[in-house]
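J.: have a look; sequence and predicted model below, questions after that.
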Amino acid sequence: MRIALYEPDIPQNTGTILRLAACLGAEAHIIEPAGFPVTDRAFRRAGMDYLDQVAIVRHGSWDAFDTWRRRDGARLILFTTRASVSYFDHSYRRDDVLLFGRESAGVPDRVHDAVDARLIIPIEPGLRSLNVAVACAMALGEAMRQTRIA
């Protein structure tokens with residue numbers, strides 16, 4: 001299972017997601033540019049002592065990432081508040097890439113249109129969204145449960 005972060009804004013959320021990936025054995029992809037320095041040194045400074053335990057792949061742009069994932073044949077699953085299908089109702093595969101947008105803006109339309117599936121984590125009416133790290137943990141947990149990875 002793989003996690004991809006589209007131009008993340010908040011280093012603490014990225015650090016939390018990288019720790020999650022390390023603990024659950026998921027590969028982490030960071031699609032740049034990020035809103036903060038995306039370097040091993042910056043993560044270590046933030047206390048990310050799990051850095052040596054996570055496979056991090058950096059992509060210099062959306063186009064570079066999209067080229068990689070198409071060449072790899074990976075299915076791209078976007079988690080977005082603009083979806084209508086619940087993440088519980090999707091059938092995951094072990095080689096899926098779970099994509100999460102920027103905390104401040106999600107993903108642009110061209111990314112939204114390029115994915116293989118768009119899923120939503122249902123929340124109470126009137127509330128805007130979950131924290132991206134929490135959403136990532138929920139999505140990865142469901143995908144792993146379905147594919148029996150753990």
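T.: Done, it's in.

J.: can I assume Ala143 sits in a helix?
T.: Yes: assessed by DSSP: H, G, I helix; E, B strand; the rest coil, Ala143 belongs to a helix.

J.: burial measure for the nearest residue to it once chain neighbours are set aside, as a count.
T.: Ranked by Cβ to Cβ, 6 or more residues apart in numbering and with sequence neighbours excluded, the top spatial neighbour of Ala143 is Tyr92, at 4.1 Å. Placement of C-beta: from N, CA and C, glycine included. The tally of other residues near Tyr92 (other Cβ atoms under 10 Å) stands at 22.

J.: following element in sequence after the lowest-mean-pLDDT helix or strand in the chain, please.
T.: When the helices and strands of the chain are scored by mean pLDDT, DSSP states H and E, helix 40-45 comes last with a mean of 62. Next helix or strand after helix 40-45 toward the C-terminus (DSSP states H and E): strand 56-59.

J.: count of neighbours near Ala143?
T.: Neighbour count for Ala143, taken as other Cβ under 10 Å: 23.

J.: an error on my part: the question was meant for Asp95.
T.: By other Cβ under 10 Å, the residues close to Asp95 number 12.

J.: for it, helix, strand, or coil?
T.: Going by three-state DSSP: Asp95 is coil.

J.: need the per-residue pLDDT for it.
T.: pLDDT for Asp95: 94.

J.: isn't it right up against Ala74?
T.: Yes: using Cβ atoms under 8 Å, Asp95 is in contact with Ala74, at 5.7 Å.
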